[in-house]
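Enquirer: 3D model of this:
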Amino acid sequence: MVRARNCAQDAYSRNIEEVIKSTSKRALQYESQMQELSIKLTESLSNFRAMDSLVQESLDGLKRSTQHANRALHEYIPRIHEELDSSLTSLDKLSHTLPEIQSHVADIRHIYDSGREKAKDLVTDLEWLNTEWHERWRVIIFTNRSPVSWRWTAIMRFLFAITFITFAWIAWVAIAGVYRAHRQRLVWGERLMS
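Expert: Have a look, this model is predicted:
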């Protein structure tokens, strides 16, 4: 019986040892899970604090933006409306005076263009008057770009043609006389040609 008791006590003590081992294993598992949970909670708490500070900054920014928007709504928008009304009245006045100004500008442009044309004509006339008479005479007779009337050009060309024909005829007669004198072997000097 003692032996049976010893066996029962051994079995009971083995049972207790197994229970203690399994309980200590579970306790270690629970402890490691609690440490992991504590680390996760610490990390989550840190993230929560960062998120909370970001949310607070965003709320502060929204409050400031709302204050600026309200201030703009109450201060700046009435001023903008006043300036817009002022601009519209100025535009209305300008729309009435614009056609008159445009007609003045057109008149000024016309006067400027006519003045410029007159200045060009005067410069051309001065250049024409500053040229030598033989150059003017050559331009009138031989070109079409002379600044004189077509009648004057025709008269000058006609006079040139008559003069040219006269000189050509005189030259012809002189050359023919010289040729005849040479052919007949007339001597010049003591005896004159008859």
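Enquirer: any idea how far the lowest-mean-pLDDT helix or strand in the chain is from the middle of the chain?
Expert: Least confident helix or strand, the chain: helix 2-71 with a mean of 82, by mean pLDDT, DSSP states H and E. Put simply, helix 2-71 sits 68 Å off its chain's centre (C-alpha atoms, centre = their mean, to the nearest Å).
Enquirer: show me what it is packed up against.
Expert: Using 3 or more C-beta pairs under 8 Å, 6 or more residues apart in numbering; DSSP states H and E, no helix or strand is in contact with helix 2-71. Any C-beta I mention is one placed from the backbone N, CA and C, and that applies to glycine too.
Enquirer: following that helix, which helix or strand comes up?
Expert: The helix or strand immediately downstream of helix 2-71 is helix 77-130, counting by DSSP states H and E.
Enquirer: what's the model's confidence in that next one, averaged?
Expert: Across helix 77-130, the average pLDDT comes to 86.
Enquirer: for stretch 155-175, same thing?
Expert: Mean predicted lDDT for stretch 155-175 stands at 94.
Enquirer: report the buried residues of it.
Expert: residue 156 (16 or more other C-beta atoms under 10 Å).
Enquirer: so that it lines up with my notes, have the first residue be 20 from now on.
Expert: Yes, from this point I'll number from 20; that puts the last item at stretch 174-194.
Enquirer: off-centre distance for that stretch?
Expert: On the basis of C-alpha atoms, centre = their mean, stretch 174-194 sits 67 Å off its chain's mean C-alpha point.
Enquirer: got it, and stretch 96-114?
Expert: Between the centre of stretch 96-114 and the centre of its chain there are 30 Å (C-alpha atoms, centre = their mean).
Enquirer: kindly report the same for stretch 79-94.
Expert: 38 Å.
Enquirer: who are the packing partners of whichever strand or helix holds residue 193?
Expert: Residue 193 is part of helix 169-202, with elements assigned from DSSP H and E. Using 3+ C-beta pairs under 8 Å, 6+ apart, the elements in contact with helix 169-202 are helix 152-161.
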